[in-house]
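[1] can't give you the sequence, but here's the structure:
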């Protein structure tokens with residue numbers, strides 16, 4: 001078996017091994033493990049259709065649906081033709097080839113499919129990765145459009161009136177790409193993503209509350225390709241209280257488990273965000289594959305959410321640290337204190353890297369656009385490893401204040417007498 005590319009992006013010809021003897025022939029028409037290893041997408045078929053055609057010259061198409069297809073013949077021969085109806089530069093590009101027992105074709109979503117049978121009694125088979133539904137968005141092209149100019153080998157013997165009335169290519173509305181859905185639009189990461197990915201679909205609390213997974217049913221998951229979870233319970237100290245512990249687990253674990261199920265059921269690419277708090281901070285810099293060892297409840301929920309995310313076949317688990325973006329954050333607090341003439345005491349024995357929310361958003365989009373390997377990735381700012389006190393002093397200097405106005409104190413001194421969660425001493429994530 002070998003796979004051949006075509007001028008239509010993503011349209012692949014599969015040359016199959018056929019074993020014949022005096023009884024007939026046998027082939028592995030779809031063999032997931034071998035075909036994925038050879039380069040075919042792991043597209044997850046859920047429905048198998050067969051079109052039987054009694055008379056040579058029968059013609060069907062040209063239809064584009066919002067799902068992928070794997071087409072072949074179970075008996076006979078057919079002339080297959082495809083037209084790209086997706087938005088973008090490849091719109092209108094074409095390809096055709098004869099389909100016989102040795103040949104199959106993978107047809108990506110939005111590429112219109114058609115065929116003419118070359119022998120009486122040809123059975124045309126296709127696997128699809130979504131169930132047929134009448135409300136799906138379709139695009140069709142006239143089979144005899146001179147601009148498409150498919151060189152049908154035989155005179156047309158049979159053709160439906162519906163196929164005959166399809167529009168010309170010049171009148172077709174291109175199929176839009178799959179949607180990207182972002183949960184947690186109101187947080188620092190959600191706001192940063194909106195600046196970089198304005199065409200995505202955003203949802204936020206209380207419309208969608210991960211503590212109540214049933215609210216996810218308000219979203220239409222058909223035609224979604226990517227799901228980004230930018231929502232989380234991040235009140236580290238609050239998570240140590242009975243009420244906070246319950247909500248932290250509900251949002252960061254139970255809610256994420258619901259998102260993971262949706263991603264698996266719909267074959268989505270799932271992006272979820274974790275934290276340096278999954279580590280106990282005993283190492284100065286943490287590796288991607290370092291075993292998790294959380295100290296407090298918040299870190300424990302993030303370690304659990306990493307395990308949940310790992311069961312989604314197409315998933316990115318993005319660990320980050322010390323995020324600052326639009327909304328209340330440490331840097332803005334230090335700016336306000338500097339301008340108000342306050343000389344604060346700031347922890348000087350916790351070390352890490354600041355991560356602008358815009359950098360985290362850019363990193364997530366880079367993983368998606370580059371089709372990086374699925375799994376765990378570290379995305380943080382590339383600045384120096386510093387203490388919170390070091391960062392506060394830099395802010396004070398930028399505001400024209402004397403950095404010495406910031407007093408460094410230990411974590412124990414700073415939290416003395418306060419109900420607080422344990423913190424990792426070292427939060428830097430290795431970026432290599």
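    Happy to help now that I have it. Predicted model only: the values in this text are computed from it and were never measured.
[2] From the opening residue of stretch 216-223 to its closing one, how far?
    End-to-end span of stretch 216-223 (C-alpha to C-alpha, to the nearest Å): 16 Å.
[3] starting at the chain centroid, how far to that stretch?
    15 Å (C-alpha atoms, centre = their mean, to the nearest Å).
[4] Enumerate every residue touching the residue nearest the centre of the chain.
    Most central in the chain under C-alpha atoms, centre = their mean is residue 269, positioned 2.7 Å from the mean C-alpha point. Residues near residue 269 by C-beta atoms under 8 Å, 6 or more residues apart in numbering: 225, 226, 227, 263, 314, 315, 316, 368. Glycine gets a C-beta too; all of them are placed from N, C-alpha and C.
[5] at 6 Å instead, please
    Going by C-beta atoms under 6 Å, 6 or more residues apart in numbering, residue 269 touches 226, 314.
[6] backbone phi and psi for it, please?
    Main-chain torsions, residue 269, degrees, to the nearest 10: phi -80, psi 120.
[7] quick one: stretch 364-379 to chain centroid distance?
    Its chain's average C-alpha position is 9 Å from that of stretch 364-379, according to C-alpha atoms, centre = their mean.
[8] Repeat that for stretch 403-419.
    41 Å.
[9] what does it contact?
    Residues outside stretch 403-419 that contact it (C-beta under 6 Å, 6+ apart): 343, 345, 346, 347, 348, 349, 389, 392, 393, 396, 397.
[10] likewise stretch 219-227?
    Residues outside stretch 219-227 that contact it (C-beta under 6 Å, 6+ apart): 66, 178, 179, 180, 181, 262, 263, 266, 268, 269, 270.
[11] pLDDT weak spots in this protein?
    Within the chain, no range satisfies pLDDT under 70.
[12] Domains in it, by residue range?
    As assigned by automatic domain parsing, the chain contains the domains 2-171, 179-415.
[13] so of those domains, which one's packed in deepest?
    domain 179-415 (a mean of 18; mean count of other C-beta atoms under 10 Å).
[14] And the helices in the stretch 301-432 of the chain, which stretches?
    For the stretch 301-432 of the chain, helices defined by DSSP state H, counting those that start in this stretch occupy the ranges 330-339, 357-369, 388-398, 411-415.
[15] rewinding a little: any chance of the contacts of stretch 403-419 in TSV with distance to residue 190 as columns?
    Shown next, in TSV, are the contacts of stretch 403-419 (distance: C-beta to C-beta, whole Å):
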residue	distance to residue 190
343	34
345	32
346	28
347	27
348	31
349	32
389	29
392	26
393	30
396	30
397	31
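[16] Those residues: which two are farthest apart?
    349 and 397 (21.1 Å; C-beta to C-beta).
[17] Any idea how many residues pack against the residue nearest to residue 281 when sequence neighbours are not counted?
    Distances taken as C-beta to C-beta, 6 or more residues apart in numbering place residue 424 nearest to residue 281, at 2.7 Å, with adjacent residues excluded. When neighbours are defined as other C-beta atoms under 10 Å, residue 424 has 25 of them.
[18] Would you confirm that residue 424 contacts residue 283?
    No: distance between residue 424 and residue 283: 9.4 Å, which falls outside the contact criterion (C-beta atoms under 6 Å).
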